[in-house]
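**Student:** Compute the structure for the input listed below.
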Amino acid sequence: MKGYLAAVLCATLLMGGGCSKSDKPKGLLNKDQMVGALTELYLAEQKVATVAVSRDSTSKIFTQMSPAIFAKIGASDSVFHRSFDYYLDRPAEMEQIYNAVIDTLNLREQRMISNEVKK
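**Tutor:** Down below sits the predicted model:
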């Protein structure tokens with residue numbers, strides 16, 4: 001019954017010019033930009049984690065690094081958070097993004113190892 005009501009409501013909204021879950025609001029990061037942002041944030045978080053200071057201090061360091069990270073990816077933190085929330089509501093797309101992040105990190109690791117072997 002709930003499925004039927006949801007379908008009717010969705011059809012009504014669509015016919016009336018409403019939005020569907022597939023409509024992406026303007027001003028959000030695309031998947032490639034999200035991959036870049038998440039990769040940069042992960043790398044920064046790992047750099048901070050290697051510093052031998054208290055957890056409170058690492059949190060402060062990461063907070064101070066965040067503006068530079070968002071400047072590097074060309075987006076504000078609010079755009080990133082809105083985009084992240086958007087993709088969280090779309091698990092299949094978020095899975096694609098995280099798979100790409102993992103692939104990107106693996107590729108960077110392979111390049112680092114390759115460069116170290118060449119030395």
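**Student:** What is the burial count for the spatially closest residue to residue 31 that is not a sequence neighbour?
**Tutor:** In space, not counting the residues next to it along the chain, residue 31 is nearest to residue 97; the distance is 5.6 Å by Cβ to Cβ, 6 or more residues apart in numbering. Heads up, the C-betas are built off the backbone N, CA and C, glycines and all. For residue 97, the tally of surrounding residues (other Cβ atoms under 10 Å) stands at 23.
**Student:** and residue 97, what is it in contact with?
**Tutor:** 31, 34, 35, 38, 87 (Cβ atoms under 8 Å, 6 or more residues apart in numbering).
**Student:** Distance from the chain centre to the longest helix belonging to the chain, please.
**Tutor:** Longest helix in the chain by number of residues, with DSSP state H as the criterion: helix 91-118. Computed by Cα atoms, centre = their mean, to the nearest Å, the chain-centroid distance of helix 91-118 equals 14 Å.
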